[in-house]
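J.: predicted model, plus sequence, below.
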Amino acid sequence: MAVERTLPTPEGEDLLGLVRDLAGKEIAPRAAEGEERAEFPRDLFRLLGSSGLLGLPYPSEYGGGDQPYEVYLQVVEELASAWLAVGLGLSVHTLSCYPVASSGSPELKDRLLPDMLGGGLLGAYCLSEAHSGSDASALSTRAVADPSAPADGYTVEGAKSWITHGGAADFYTLFARTGGPGASGISCLHVPADTPGVAADAPERKMGMSASPTAVVRFDGVRVPADALVGEEGSGFSIALSALDSGRLGIAACAVGVAQAALDAAVEYAKERRQFGRAIAEHQGLSFMLADMATKVEASRELYLAAARRRDAGRPFGTQAAMAKLFATDTAMQVSTDAVQVFGGYGYTRDFPVERYMREAKVLQIVEGTNQIQRMVVGRSLTGDR
Ligand SMILES: Cc1cc2nc3c(=O)[nH]c(=O)nc-3n(C[C@H](O)[C@H](O)[C@H](O)COP(=O)(O)OP(=O)(O)OC[C@H]3O[C@@H](n4cnc5c(N)ncnc54)[C@H](O)[C@@H]3O)c2cc1C
């Protein structure tokens, strides 16, 4: 079912039309098999790039699309509805461009952004480590000032875990320790993937989203120049958190896409499947379940859109982004589980997509801050604690 959307500009309407077309013709038909084969669809990201979709919320002077978040997120939702690996991939790429776009010097922006936003390159965001996940400021990858590195730069030593696009990305937005312990010792570096010493392990074998590679990325004596530094030394953690405020809105949009796909599949099936002499949708127990699913999907979409509009208006939106991520991803989990229930025994097979939606929804409750961490963010905003 095509979602009725209100977009702020005619340009946004045209963009969504293009994305729907692309999602329906090029992306959705490949999702089930791509997941079975665990093959990363790099060609689809080239297609998104050549369609101008890989830099949407960034300025056009650097090759971006100049779109408000309200529009960009609905693009993410449409793509995630067709194939989560693609919608989430777009969201992660956008996240990985954020530090340079928001905190890079004018020289760095001029040098890096056109290729990052123009569609040719794919990015990855490297914050998590094996021993620092939720407590990301405890990270231990080190970038040591090294006069022998090119242009008086740094030598990086360490490993990042769980990196989406690990091994497939063209550049890594890396958070590493240049100073002492804690958040204030962390800096952000831009590392091209072909820098000597950068290597990725084999992708993790995951419950779902198998076509999106998630891997450990190792930095073994990696030398980067001083101008790989994004922002000031020591400002990396606040850049990382600020990027995640926006990134969480992308995850909320992905969750709404998955939930909408599960709802659509459940409604279609419930209209066709007959038991006790009538369509199962006509049994009140089931139609109430569908009604609850639809209500939660709609509420989730409005929540992320409200947060996006705050962001677009230049107002604080971090708490609202955490609420949207929390509510939309819990909704995706509930709605996709209910969709399996609507399909009965058939829902538990790989012959229908709903079991895949259920497996995909789970990861959205974990990435870019688990939903326990989102509750911490919201709770602290209520009590004023930091
Ligand atoms: C498919 C996938 C893709 C990912 N992609 C990326 C990526 O591209 N880049 C990146 O940097 N990371 C990525 N991650 C990592 C992800 O962000 C982390 O998995 C997540 O932040 C949780 O960290 P952890 O796995 O170490 O869990 P832990 O932090 O060990 O948490 C374990 C459990 O304890 C709970 N917990 C922890 N602390 C608290 C607390 N204070 N209060 C209450 N509960 C708490 C958590 O909510 C969780 O339930 C990805 C992960 C997955 C699975």
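T.: That came through fine. Numbers count the residues shown, from 1 in each chain.
J.: just the endpoints, please. Distance across stretch 74-93?
T.: 16 Å (C-alpha to C-alpha, to the nearest Å).
J.: hmm, that stretch touching the ligand?
T.: Yes: using C-beta under 6 Å from any ligand atom, we find that stretch 74-93 touches the ligand at residue 92. C-beta: built from backbone N, CA, C; applies to glycine.
J.: please begin residue numbering at 49 from this point
T.: New numbering, starting at 49: the last item is stretch 122-141.
J.: any idea how far that stretch is from the chain center?
T.: 7 Å (C-alpha atoms, centre = their mean, to the nearest Å).
J.: buried ones in that stretch, by neighbour count?
T.: For stretch 122-141, burial by neighbour count (16 or more other C-beta atoms under 10 Å) applies to 122-141.
J.: how about stretch 180-195?
T.: Under 16+ other C-beta under 10 Å, the buried positions of stretch 180-195 are 180, 181, 184, 185, 187, 189, 190, 191, 194.
J.: can you pull the phi and psi angles for the second one?
T.: Reported as degrees, to the nearest 10, the phi and psi values for residue 181 are phi -110, psi -90.
J.: quick one, domains of the protein?
T.: Recorded structural domains for the chain (assignment: automatic domain parsing) are 58-165, 171-281, 286-431.
J.: including mean pLDDT, could these go into TSV?
T.: Shown next, in TSV, are the domains of the chain (pLDDT from 0 to 100):
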stretch	mean pLDDT
domain 58-165	97
domain 171-281	96
domain 286-431	98
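J.: who wins for proximity to residue 50 among these?
T.: Closest of the domains of the chain to residue 50 is domain 58-165, at 7.1 Å (criterion: C-beta to C-beta).
J.: on that earlier part again, dump the buried residues of stretch 180-195 to JSON lines, plus distance to residue 352 and secondary structure.
T.: Converted to JSON lines, the buried residues of stretch 180-195 look like this (distance: C-beta to C-beta, whole Å; DSSP: H, G, I helix; E, B strand; the rest coil):
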{"residue": "180", "distance to residue 352": "28", "secondary structure": "strand"}
{"residue": "181", "distance to residue 352": "24", "secondary structure": "coil"}
{"residue": "184", "distance to residue 352": "23", "secondary structure": "helix"}
{"residue": "185", "distance to residue 352": "26", "secondary structure": "helix"}
{"residue": "187", "distance to residue 352": "28", "secondary structure": "coil"}
{"residue": "189", "distance to residue 352": "32", "secondary structure": "coil"}
{"residue": "190", "distance to residue 352": "36", "secondary structure": "strand"}
{"residue": "191", "distance to residue 352": "34", "secondary structure": "strand"}
{"residue": "194", "distance to residue 352": "43", "secondary structure": "coil"}
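J.: among these, which one lies nearest to the ligand?
T.: Each of those was scored against the ligand by C-beta to the nearest ligand atom, and residue 181 proved nearest at 1.8 Å.
J.: ok, that closest one - contacts?
T.: For residue 181, the contacting residues are 209, 210, by C-beta atoms under 8 Å, 6 or more residues apart in numbering.
J.: number of nearby residues for the residue of the stretch 249-398 of the chain at minimum distance from the ligand?
T.: Per C-beta to the nearest ligand atom, residue 262 is where the stretch 249-398 of the chain lies closest to the ligand, at 4.3 Å. Per other C-beta atoms under 10 Å, the neighbour tally for residue 262 reads 19.
J.: run a quick neighbour tally on the residue lying closest to residue 87 once chain neighbours are set aside.
T.: In space, and not counting its chain neighbours, residue 87 is closest to residue 259: 5.8 Å by C-beta to C-beta, 6 or more residues apart in numbering. Counted with other C-beta under 10 Å, the neighbours of residue 259 add up to 24.
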